[in-house]
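Asker: fold the following and give me the result.
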Amino acid sequence: CVRACVRVCVCVYVCVESCICSASLFFCFHRSFPEEVPKVVDATVTVHSTDRGVTRSHVSLLYDTPNDAEVIIELLMPVQCTSDHPCPLFMTQTNHRKWASVGVSRGYIACIYPGADANDQTDPFRLAYPAATWGLIARRAWLASRVLDYLLTLDNIQHQHVSLTGHSRNGKQSLIAAAFDERFTAVIDSSSGSPAMSPYRFTSSFTFSEDPYGPWPNAPPGLNCSCPRNPTDPRPKVGQCCWWLPSVENLSGYENMLPIDSHGLLGLIAPRYLLSQTAENDPCDPSFAVERAYLEAKKVYQFLGREDAIRIRWRPGEHHGFEVVASYFDWYDLSFGRAPAGITVDDVFPERLLHFFNWTRWNSSMSTMHNDPPSTSRTTLQDKISWLTGEMDQPVGLVWSPAGSYSISFQPYVEEMLHRKNELYEVLDGTAKMTISFGRGLVGTLYYPETANASSAPLTGIVWLHPYSYQEGFVESYPKDTHRMPWELAKECHALVLAFDQIGFGRRLLEGLPADFYRRWPNWSLLGHMIQDVQSAVDALKAPRGGEVPDGEPLSAFYHNHTVPPVDNVAVIGYAMGAIVAVHAAALDQRIDGVAACIGVSPFKNQTRARETGGNVRLYEWHALLPRLGWYAGKESDIPYDYDDILAGLKERPTLFYTSSNDRLVDSAAVDVMLDSAHTKATGKWKLTRHDAASNKLDDEMQQVVTDWVKGAFHK
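Answerer: The predicted structure follows:
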């Protein structure tokens with residue numbers, strides 16, 4: 001039944017069962033709205049003025065509720081909008097009033113309604129309907145519909161041309177309102193995040209993004225989603241609590257168990273016009289998640305013959321800023337037939353996808369390659385890995401790049417945008433942080449104890465590899481617990497930690513777009529590039545960092561004469577995607593003295609639970625990490641190697657394999673079998689430690705287990 005509902009939402013009109021999708025979304029996130037729709041019994045204009053061709057009014061709306069709920073809206077009406085010449089309607093929330101002013105200049109009647117943090121007048125309705133279990137976001141969406149009830153009584157508004165938009169949590173409510181009220185004929189979602197334009201299945205902890213638990217453990221008191229709720233009584237007790245049903249929190253880490261995800265909202269909006277406006281490095285609205293939702297919703301629009309009615313428009317930067325509001329009204333003009341003759345959606349909003357990888361097209365260009373896989377008996381494990389990941393025949397790059405401050409590629413505004421410190425060298429709580437350049441044009445951050453320097457005894461070197469965090473790379477957008485991993489490792493393990501954005505993530509997002517990457521290197525793979533970057537990171541940790549830059553200044557001058565301590569052992573530690581990279585890198589580079597793989601490593605050859613975990617298609621197509629793996633779809637037993645071979649091959653190198661029976665990225669039963677096989681294949685003294693946790697999150701438990709492992713493995 002659950003699976004049927006999900007299928008219905010992907011092709012909601014195909015099955016003619018949109019009511020099931022609607023009911024499931026309601027039950028999962030909201031449970032119930034008021035059983036009645038209150039009528040507007042009075043509308044009183046309290047402010048009225050006309051200036052520069054625009055009439056501005058404040059209208060007090062009185063509703064037929066037990067407590068006479070009242071709402072005050074603001075209307076901005078161009079004077080040319082009359083009953084003889086009605087105008088389209090634009091609705092938004094109080095804190096986006098400036099957007100309304102743009103709409104008025106484009107000939108729209110604008111309504112600013114009080115459904116925002118800055119002006120929330122929804123609480124009287126919560127009090128009027130105590131049986132409703134709706135959360136704050138849904139209540140604001142419901143308010144938009146109640147305001148629209150009044151607006152559609154005005155004869156100078158084009159009733160068939162009603163637009164709505166909002167940013168962030170206001171984007172959430174805009175999608176909800178449009179999904180459940182077909183009178184909204186065009187909607188723009190601006191960085192709405194999860195669970196809205198970004199489904200929980202593609203955000204959450206393993207992407208360093210928002211999960212059902214909420215954004216972070218110690219949320220500010222004024223943050224709405226931090227409010228406590230009674231799990232057995234989902235009705236909100238105070239006005240600002242909470243965004244969703246409290247039961248949603250229980251699915252943190254189990255997002256695949258949601259009966260439906262937020263892409264269902266997009267299916268319900270079809271075939272009406274929908275534009276997602278989001279930022280390439282938005283920490284709240286990860287680009288990969290947005291794109292996955294878009295591609296699923298597009299199937300509905302295609303079936304209805306309205307493929308041109310849905311688009312994504314990317315903007316630079318992060319969550320706030322760089323909005324081109326004029327383009328919002330370009331979209332609405334196209335939606336309402338107001339654009340100049342001959343102008344189409346494709347002219348103004350051409351489809352641009354960041355992460356989409358056309359595996360079929362790539363495969364057709366490689367048709368002669370997969371006929372020559374490595375022989376099972378005649379090649380080494382390293383040969384097999386190199387074949388599957390593809391081989392790059394160009395130089396790796398410089399070990400160390402002492403070429404002056406500009407070569408360090410440090411731009412404070414970029415660091416600030418990615419929520420990193422904005423100095424080349426600085427100290428926080430006894431831990432030094434230094435930005436360096438290395439390898440193939442890479443930029444990384446070193447973390448180490450403040451008291452350590454070039455004359456100190458060698459430290460343990462650590463390469464930290466982040467998960468599927470496209471938006472900000474190695475920085476946690478929504479940290480789940482007290483400290484971020486690189487700081488914790490440097491501080492607790494007395495280590496020199498190098499963290500950097502892997503190709504296609506964070507500052508390197510555009511560098512790793514699959515379409516561009518595989519055009520440049522059709523025989524290579526993103527995973528192969530990531531492995532090479534780890535090798536460059538090991539080079540950087542082990543290299544002497546001194547000498548002069550070309551302008552004759554000592555390199556240390558750029559870092560206020562601070563120097564970096566030497567290292568002896570080097571460990572690679574990865575989380576989720578980073579764990580996959582870590583074990584592959586360790587298999588190919590004997591200089592790596594130990595490896596910790598935390599969550600997300602699932603056998604290639606066992607695809608029993610691929611429907612739930614994403615299986616190999618997640619690696620060879622969705623994330624485009626390892627395209628050649630797709631050649632073995634349906635014949636996985638022929639894959640040249642698996643993780644048991646890698647783990648067994650690490651032999652006496654210390655290895656931590658951190659798992660969770662609740663890790664939705666892996667088949668836990670298959671992992672158990674794989675580890676048994678690795679133990680059987682291993683020769684000599686096998687130094688693998690397994691830790692099975694309750695959660696797949698990077699939380700305090702994972703940090704403690706990893707730091708304890710480093711101390712035990714490398715500290716004398």
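Asker: now do the same end-to-end measure for stretch 438-455.
Answerer: Using Cα to Cα, to the nearest Å, the end-to-end distance of stretch 438-455 comes out at 22 Å.
Asker: average pLDDT for that stretch, rounded please.
Answerer: Computed over stretch 438-455, the mean pLDDT rounds to 89.
Asker: ok, now stretch 487-496?
Answerer: The average pLDDT within stretch 487-496 is 94.
Asker: ok, and what's touching that stretch?
Answerer: Applying Cβ atoms under 8 Å, 6 or more residues apart in numbering, the external contacts of stretch 487-496 come out as 428-431, 446-449, 452, 459-462, 464, 483, 497, 541, 564-565, 567, 573, 703, 706-707, 710-711, 714-715. C-beta here means a position set from N, CA and C on the backbone, and glycine is covered the same way.
Asker: where does pLDDT dip in the chain?
Answerer: Low-confidence segments of the chain (pLDDT under 70): 1-27, 214-241, 367-378, 392-410, 422, 479-483, 544-558, 560, 716.
Asker: and the residue of it positioned farthest from its centre, what helix or strand is that in?
Answerer: Distance to the chain centre peaks in the chain at residue 84, reaching 47.2 Å (criterion: Cα atoms, centre = their mean). In the assignment (DSSP states H and E), residue 84 maps to no helix and no strand.
Asker: swap in residue 277?
Answerer: Assigned by DSSP H and E, residue 277 falls within strand 273-279.
Asker: helices and strands around the helix or strand just after that strand, which ones?
Answerer: Of the helices and strands lying after strand 273-279 in sequence (DSSP H and E), the nearest is helix 287-303. On a contact count with 3 or more Cβ pairs under 8 Å, 6 or more residues apart in numbering; DSSP states H and E, helix 287-303 meets helix 2-10, helix 263-269, strand 273-279, strand 310-315.
Asker: what about the strands in the stretch 501-650 of the chain?
Answerer: Secondary structure of the stretch 501-650 of the chain, counting by DSSP state E, counting those that start in this stretch: strands at 567-575, 594-598.
Asker: go on, the stretch 151-300 of the chain?
Answerer: Under DSSP E, counting those that start in this stretch, the stretch 151-300 of the chain gives strands at 157-167, 186-190, 273-279.
Asker: format those strands as TSV; extra columns: mean neighbour count and distance to residue 348.
Answerer: Shown next, in TSV, are the strands of the stretch 151-300 of the chain (neighbours: other Cβ atoms under 10 Å; distance: least, Cβ to Cβ, whole Å):
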stretch	mean neighbour count	distance to residue 348
strand 157-167	23	16
strand 186-190	28	13
strand 273-279	26	10
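Asker: dump those strands into TSV; add distance to residue 636 as well.
Answerer: Supplementary listing: the strands of the stretch 151-300 of the chain in TSV, determined by distance: least, Cβ to Cβ, whole Å:
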stretch	distance to residue 636
strand 157-167	44
strand 186-190	38
strand 273-279	35
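Asker: quick one: which of the ones you listed is nearest residue 693?
Answerer: Nearest to residue 693 among these is strand 273-279 (32.5 Å), distances taken as Cβ to Cβ.
Asker: what angle do the closest one and strand 310-315 make?
Answerer: Using axes from the mean of the first three to the mean of the last three Cα atoms, to 10 degrees, the direction of strand 273-279 lies 20 degrees away from that of strand 310-315.
Asker: packing partners of strand 273-279?
Answerer: Contact analysis of strand 273-279 by 3+ Cβ pairs under 8 Å, 6+ apart lists strand 186-190, helix 287-303, strand 310-315, helix 325-335 as its packing neighbours.
Asker: just the ones you listed: most buried one?
Answerer: Of all those, strand 186-190 has the most neighbours on average by mean count of other Cβ atoms under 10 Å, namely a mean of 28.
Asker: list the helices and strands it packs on?
Answerer: By 3+ Cβ pairs under 8 Å, 6+ apart, strand 186-190 packs against strand 157-167, helix 169-180, strand 273-279, helix 325-335.
Asker: the inter-axis angle of it versus strand 273-279?
Answerer: Between strand 186-190 and strand 273-279, the angle comes out at 10 degrees (the same axes, to 10 degrees).
Asker: format the CA atom coordinates belonging to strand 186-190 as PDB.
Answerer: Extracted as PDB, the C-alpha positions of strand 186-190 are listed here (Å, rounded to 0.1, in the frame of the first residue of the first chain):
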ATOM      1  CA  ALA A 186       1.400  29.500 -10.800                       C
ATOM      2  CA  VAL A 187       3.900  29.100  -7.900                       C
ATOM      3  CA  ILE A 188       7.500  29.800  -7.400                       C
ATOM      4  CA  ASP A 189       9.400  28.000  -4.700                       C
ATOM      5  CA  SER A 190      12.500  29.800  -3.400                       C
END
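Asker: how about stretch 195-204 as CSV, C-alpha atoms only?
Answerer: Extracted C-alpha coordinates of stretch 195-204, given in CSV (Å, rounded to 0.1, in the frame of the first residue of the first chain):
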residue,chain,number,x,y,z
PRO,A,195,10.5,18.5,3.3
ALA,A,196,9.5,20.6,0.3
MET,A,197,11.6,21.0,-2.9
SER,A,198,14.2,18.8,-1.2
PRO,A,199,12.8,15.4,-0.2
TYR,A,200,14.1,13.9,3.0
ARG,A,201,15.3,10.9,1.2
PHE,A,202,18.0,13.0,-0.5
THR,A,203,18.9,15.3,2.4
SER,A,204,19.3,14.3,6.0
